[in-house]
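Asker: task: produce atomic coordinates for the following.
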Amino acid sequence: MNETYKVVIIGGGPGGYLAALRAGSLGLKTAVVEKDTLGGVCLNHGCIPTKVLTHGAAMYRRLKTADEFGFIISDLKFDYPVLQKKKQAVVSELVEHIDELMANKNVEVFYGEAFAESANRVVIKKSGEEDKVLETENVILATGSDEIYPPTPGIDLPGIITSKEALALEKLPETMAVIGGGVIALEMASIFIGLGVKVTIVHRSERLLRRMDLEMVRRLTTYLRKSGLEIMMNSPIEVIEKEEGGYKLTVNTRKGQEIVKAESLLLAVGRKASFGGQDLDSLGVQYEKAGIKVNSKMETSVPGIYAVGDATLPNYFLAHTAYHQGIVAAENIAGIEAHFDGTAVPSCLFTDPELSCVGLSEEEAKEKGLENIKTGKFPFSANGKAATQAESEGAVKIITAGENDKIVGVHILGPHASDLIQEGTAAIAKGLTAKDMAEMIHPHPTLCESVWEAAMGIDKAALHLTRR
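Answerer: So this is what the prediction gives:
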């Protein structure tokens, strides 16, 4: 007779493995089933390897201007395969660490494709092996997301890569075209521009990063173009053709039809929810094409079946939301009252410079009809720490609303924006006002003083800013 688990988790990505670790730490008999490698896309083909290459590209860029600080580098060379080895070493180390954590929390890990037949039965299929059945009291679906392939003629030509293959390139191309205008497209473009590749972004929409504040996106676009990135917006692709030495894109622009040629072609238009082959209809789980419906406890419409991460509605496609959703699901299974609150979810774009945000953009605040909307801004060019690091690009923008100037949005473009945004996350999560933030003592000299000055700027009182 098979032993019964308290919970079986399908998918070992951020949402799945965090759910497993939390369930294990609570003493629940837990199993996780992964079809590939623990850590999912994020650890193996996304967040982590991307940041290794991002750091390498940023370091390369800064070494080129090291003479500002007295370093004379007369023959700077770059060995791309060495950077690739570093990336793989970091990924391997972190995957091994997750394996150790699973063992430490007494979580059993199975490999293969898992299918939930009910809230109490999961079948694991693995090529060349007999099916394995896991009896359980609960199931968590953490099936992640897949790349989106637009219906563009020629998009299925051999050799066209996604971010997964781009991160594993053994040799840098001389030229690259990137299809898309979201987070993945811009991060990939920023990496390869930093490593010396001539990159062109081809985007069908009139703006980049549609979920972020338009003013900050325009600022970022200016910096990226200065770094050498060519950006074509309002430019739908008519057809993609393979030719000697690369690809030819026929693009419709405002000026008419244009041709873009590139040695490498990267598809990065976004991701969509994946249900991992689960028969949600037969399970009775309510869903839409965009994702599985869940409540704040991460429960689906079927008792005993939970869902977390990219496969759920609303779509965040962020590893850190999956983390928290996995924890919430595990705690509810353990009998602990827990809820996921998506009102203060930070988003980070690891371009150079970085762009991060939490809460509402200025456009969203206006669309919602909020009253007494104010903005406070402070540029890093007026920040002492930024000057010492020669990283003065960008600014902090804080949006408030209501009589008390409650903070409803924080947007940061500049050095370490992904770290600085957490102050904004805390402010929105706790309902702080601009006055609350302005009265907090911020250490000097630090980049976070720009957040403080932006908060002061709500009442036109930023002190280190010259006004004309």
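
Asker: list the contacts for G291?
Answerer: Applying CB atoms under 8 Å, 6 or more residues apart in numbering to G291 gives the contacts A273, D310, A311, T312, L313, P314, N315. (C-beta placed from N, C-alpha, C; glycine too.)

Asker: no wait, G414
Answerer: Contacts for G414 were tallied using CB under 8 Å, 6+ apart; they are P353, E354, F380, A386, E391, E393, G394, A395, V396, L447, S450.

Asker: of these, which belong to strands?
Answerer: In strands, judged by DSSP state E, the following of the contacts of G414 are found: E354, A395, V396.

Asker: so which of those wins on neighbours?
Answerer: The residue in the ones in strands among the contacts of G414 with the most neighbours, by other CB atoms under 10 Å, is V396 (31 neighbours).

Asker: go ahead and confirm that residue touches F378.
Answerer: Yes: in terms of CB atoms under 8 Å, V396 counts as a neighbour of F378; the distance is 5.1 Å.

Asker: show the average pLDDT along stretch 391-403.
Answerer: Averaging pLDDT along stretch 391-403 yields 97.

Asker: going forward, count from 848.
Answerer: Will do, 848 is the new start, and the previous item becomes stretch 1238-1250.

Asker: from the contacts of G1138, which is closest to M1284?
Answerer: P1161 (27.5 Å; CB to CB).

Asker: which stretches in the stretch 948-1097 of the chain count as strands?
Answerer: With DSSP state E, counting those that start in this stretch, the ranges of strands along the stretch 948-1097 of the chain come out as 955-958, 960-965, 968-972, 979-983, 986-988, 992-994, 1022-1026, 1045-1049, 1077-1079, 1084-1090, 1093-1100.

Asker: G871: which of those is closest?
Answerer: Taking CB to CB, strand 955-958 is the member of those nearest to G871, at 9.4 Å.

Asker: tell me how far stretch 1083-1090 is from the chain's mean position?
Answerer: In terms of CA atoms, centre = their mean, to the nearest Å, the centre of stretch 1083-1090 is found 28 Å from the chain centre.

Asker: flag every buried residue along it.
Answerer: By neighbour count with 16 or more other CB atoms under 10 Å, stretch 1083-1090 contains the buried residues I1084, I1087.

Asker: tell me which element I856 is part of?
Answerer: According to DSSP states H and E, I856 maps onto strand 854-857.

Asker: list the helices and strands that strand packs on?
Answerer: helix 861-872, strand 877-881, strand 960-965, strand 979-983, strand 986-988 (3 or more CB pairs under 8 Å, 6 or more residues apart in numbering; DSSP states H and E).

Asker: check contacts around the residue nearest in space to the middle of the chain.
Answerer: The centroid of the chain falls nearest to L1165 when counting by CA atoms, centre = their mean (4.9 Å). By CB under 8 Å, 6+ apart, the residues touching L1165 are V1192, S1194.

Asker: same check on K1136?
Answerer: If a contact means CB under 8 Å, 6+ apart, then K1136 has no contacts.

Asker: same deal with I1087?
Answerer: Taking CB under 8 Å, 6+ apart, one finds T999, P1000, G1001, I1002, L1004, I1007, Y1094, K1095, L1096, T1097, L1112 in contact with I1087.

Asker: now list the buried members of those.
Answerer: Burial of the contacts of I1087 was assessed by neighbour count (16+ other CB under 10 Å); the buried members are T999, G1001, I1002, I1007, Y1094, K1095, L1096, L1112.

Asker: what residues are up against E1184?
Answerer: E1178.

Asker: quick one: secondary structure of it?
Answerer: coil (DSSP: H, G, I helix; E, B strand; the rest coil).

Asker: what's the overlap in contacts for V1243 and F1225?
Answerer: Common neighbours of V1243 and F1225 (CB under 8 Å, 6+ apart) are S1297, V1298, E1300, A1301.

Asker: now neighbour count and pLDDT too, for these, in TSV please.
Answerer: Output for the shared contacts of V1243 and F1225, formatted as TSV (neighbours: other CB atoms under 10 Å; pLDDT from 0 to 100):
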residue	neighbour count	pLDDT
S1297	29	97
V1298	26	97
E1300	24	96
A1301	28	97
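
Asker: which of these fall in helices?
Answerer: With DSSP state H as the criterion, helices contain S1297, V1298, E1300, A1301 from among those.

Asker: surely Y927 meets I1038?
Answerer: No: contact between Y927 and I1038 fails when scored by CB under 8 Å: they sit 11.4 Å apart.

Asker: pick out whichever of the two has more residues nearby.
Answerer: More crowded of Y927 and I1038, by other CB under 10 Å: I1038, with 26 against 15.
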